[in-house]
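**Student:** build me a structure from this.
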Amino acid sequence: MTAVDAVGTRDLAALVGPVRHGRGGTPEEAFARGAWTAIVEPGDAVASALIATLGAADALEALLLDAPPVRDRRLVDAFTRWRPRAQPALLREAFAAAARVHARLVLPGDEDWPAGLDDLAEHAPLALWARTGCERVPDLRRSIALVGTRDATSYGRRVTEELGSGLVGRGFAIVSGGAAGIDRGAHQAAIRAGGTTAAIMAGGVDRLYPQGNRDLLERIAVEGVVLSELACGSTPMRQRFLSRNRLIAASSRVTTVVEAGVPSGAINTAAHAGELGRPIAVVPGSIHSSASKGCHKLLREYAAVLVQTAADVAELARDRDTAVPLDGIDLELDPLERQVLDALGRSPLAVPEIARRCGIPRVDAAAVLAVLGLDGAAVEGPRGWVRG
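**Tutor:** Reported below is the predicted structural model:
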């Protein structure tokens, strides 16, 4: 069953047309790319390899026919994992839902595809869904990520406003995750300064989250851009927030952590930035503030740079080619391995604590750690596990 067979020739054009707006490529390939965003979880390296080999349309056909091109165990397991979502009716609804909110499907190779995402290699998004009032997705080649805790202090909010407005004044776009606290302040600062801001979602762009930021996100969808690698209808979930963070880091020249606890999503974003060789900027805070403990951890244990002003961050953006990766760990990891690795630092952690931080069973955490240990990405000592 081909993509055309799944929806019908006439239906295919009707589904793809509203979300592509005359962009290049065939409707079959565009539909297939969009369909894959409804089928697989973000960063799925197996799906990326299959699509790179066969093309999105032929890969989708193989899945719909339940015909893996090779009897590799990982691929057979992946087909089993993907098949429940590969239902033609569900795929059609994902495109219809996108059209209802005027979302656009942006594919690798499009003029407005954020080039920094390609550095994620096999963990790069298969496609993006964008809501924007602009003719094209705003240019993110000169962008800075401003991220931090949802429980921002008055100090953190004030610094976020100063950094956001100062960076916009220096010609940078602001990227964040649309959450409460520091994220919200970052987006607001960019808008107030008349700049560009991008909010990257952990669910479909038709499910703006959190609800408390809905008005702000709706405004960003008009004046900036709301992006997601997940099809419309996709629900924000914990693992998708962690996966989303790699897009925030990859699309930005510098990841700036204003306030963050330990552990936190902002620290996870910084870890992705370090793996990509992107600079990590950190705002210092009070030693008595739990909202700054994560920032101080980054300064103490990783290759992060203390910043106080927008000028400091802009200087890092100019020097990004000299940035040092956090640990030299490459990106040949599946999502669960990456999740466990992101939980590790220089302070030893026992398996139960790692499992708790990752929200997975202890037996799964132990199995993943064993694999990471073989690769040298993690090291077990007498007090627990640390990064290799």
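
**Student:** quick one, what contacts the most centrally placed residue in the chain?
**Tutor:** Nearest to the geometric centre of the chain sits Arg244, at 2.5 Å (Cα atoms, centre = their mean). Taking Cβ atoms under 8 Å, 6 or more residues apart in numbering, we find Arg244 in contact with 42, 177, 200-202, 228-229. The way it works is simple: take the backbone N, C-alpha and C, and place the C-beta from them, glycine included.

**Student:** Throw those into JSON lines and include secondary structure, thanks.
**Tutor:** Supplementary listing: these in JSON lines, determined by DSSP: H, G, I helix; E, B strand; the rest coil:
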{"residue": "Pro42", "secondary structure": "coil"}
{"residue": "Gly177", "secondary structure": "coil"}
{"residue": "Ile200", "secondary structure": "strand"}
{"residue": "Met201", "secondary structure": "coil"}
{"residue": "Ala202", "secondary structure": "coil"}
{"residue": "Ser228", "secondary structure": "strand"}
{"residue": "Glu229", "secondary structure": "coil"}
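
**Student:** so where is this structure shaky, pLDDT-wise?
**Tutor:** 1-10, 319-334, 346, 374-375 (pLDDT under 70).

**Student:** which residue ranges of it form strands?
**Tutor:** Applying DSSP state E to the chain gives strands spanning 104-106, 128-131, 143-147, 173-176, 197-200, 225-228, 254-257, 280-282, 304-306, 378-381, 384-387.

**Student:** what would those look like in CSV with distance to Arg85 and mean neighbour count?
**Tutor:** Below are those laid out as CSV (distance: least, Cβ to Cβ, whole Å; neighbours: other Cβ atoms under 10 Å):
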stretch, distance to Arg85, mean neighbour count
strand 104-106, 18, 24
strand 128-131, 16, 27
strand 143-147, 30, 30
strand 173-176, 28, 30
strand 197-200, 22, 28
strand 225-228, 16, 28
strand 254-257, 31, 31
strand 280-282, 35, 27
strand 304-306, 38, 19
strand 378-381, 31, 15
strand 384-387, 33, 20
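
**Student:** got TSV for the ones you listed, with distance to Trp36 too?
**Tutor:** Formatted as TSV, the strands of the chain follow (distance: least, Cβ to Cβ, whole Å):
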stretch	distance to Trp36
strand 104-106	11
strand 128-131	12
strand 143-147	26
strand 173-176	24
strand 197-200	18
strand 225-228	14
strand 254-257	27
strand 280-282	31
strand 304-306	35
strand 378-381	31
strand 384-387	32
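
**Student:** of all the ones you listed, which one comes closest to Asp342?
**Tutor:** strand 384-387 (9.6 Å; Cβ to Cβ).

**Student:** kindly export the closest one (C-alpha atoms) in PDB.
**Tutor:** Taking C-alpha atoms only, strand 384-387 is exported to PDB below (Å, rounded to 0.1, in the frame of the first residue of the first chain):
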ATOM      1  CA  GLY A 384      27.500   4.900  41.600                       C
ATOM      2  CA  TRP A 385      27.500   6.000  38.000                       C
ATOM      3  CA  VAL A 386      29.000   9.100  36.400                       C
ATOM      4  CA  ARG A 387      29.500  10.300  32.800                       C
END
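
**Student:** how many neighbours does the residue lying closest to Gly294 once chain neighbours are set aside have?
**Tutor:** Excluding its sequence neighbours, the residue lying closest to Gly294 (Cβ to Cβ, 6 or more residues apart in numbering) is Ala260, at 3.3 Å. Ala260 has 31 neighbours, counted by other Cβ atoms under 10 Å.

**Student:** repeat that for Val363.
**Tutor:** Neighbour tally, Val363, other Cβ under 10 Å: 10.

**Student:** rewinding a little: do you know how far the residue nearest to Gly294 is from Ala130?
**Tutor:** Distance from Ala260 to Ala130, counting by Cβ to Cβ, to the nearest Å: 27 Å.

**Student:** what residues sit buried inside the longest helix seen in the chain?
**Tutor:** Ranked by number of residues, the top helix in the chain under DSSP state H is helix 154-169. Neighbour counts over helix 154-169 (16 or more other Cβ atoms under 10 Å) mark 155-157, 159-168 as buried.

**Student:** and of these, the nearest to Pro352?
**Tutor:** Using Cβ to Cβ, Gly156 comes nearest to Pro352 of these, at 31.4 Å.

**Student:** residue contacts, the closest residue to that closest one other than its chain neighbours?
**Tutor:** Nearest-residue entry for Gly156: Glu259, 3.8 Å, with adjacent residues in sequence omitted and distances by Cβ to Cβ, 6+ apart. The contact partners of Glu259, by Cβ under 8 Å, 6+ apart, come to 148-149, 152-153, 155-156, 181-182, 266, 283, 285, 289, 291-292, 294-295.

**Student:** tell me the two of the residues you listed that are most distant?
**Tutor:** For the contacts of Glu259, and using Cβ to Cβ, no pair is farther apart than Tyr155 and Ala266, which are 15.5 Å apart.

**Student:** in contact with Ser176, which residues are there?
**Tutor:** Counting by Cβ under 8 Å, 6+ apart, Ser176 touches 145-147, 182-183, 186-187, 197-200, 248.

**Student:** which pair of those residues spans the longest distance?
**Tutor:** Farthest pair in the contacts of Ser176 (Cβ to Cβ) is Ile182 and Ala198. Separation: 15.3 Å.

**Student:** quick one: Leu117 from Val16, how far?
**Tutor:** 22 Å.

**Student:** compare these two (neighbour count), which wins?
**Tutor:** Between Leu117 and Val16, counted using other Cβ under 10 Å, Val16 has the larger neighbour count: 25 against 19.

**Student:** picking up where we left off before, now the angle from the longest helix of the chain to strand 143-147?
**Tutor:** Taking axes from the mean of the first three to the mean of the last three Cα atoms, to 10 degrees, helix 154-169 and strand 143-147 form an angle of 170 degrees between their directions.

**Student:** who are the packing partners of helix 154-169?
**Tutor:** If you count contacts as 3 or more Cβ pairs under 8 Å, 6 or more residues apart in numbering; DSSP states H and E, helix 154-169 packs onto strand 143-147, strand 173-176, helix 182-192, helix 310-318.
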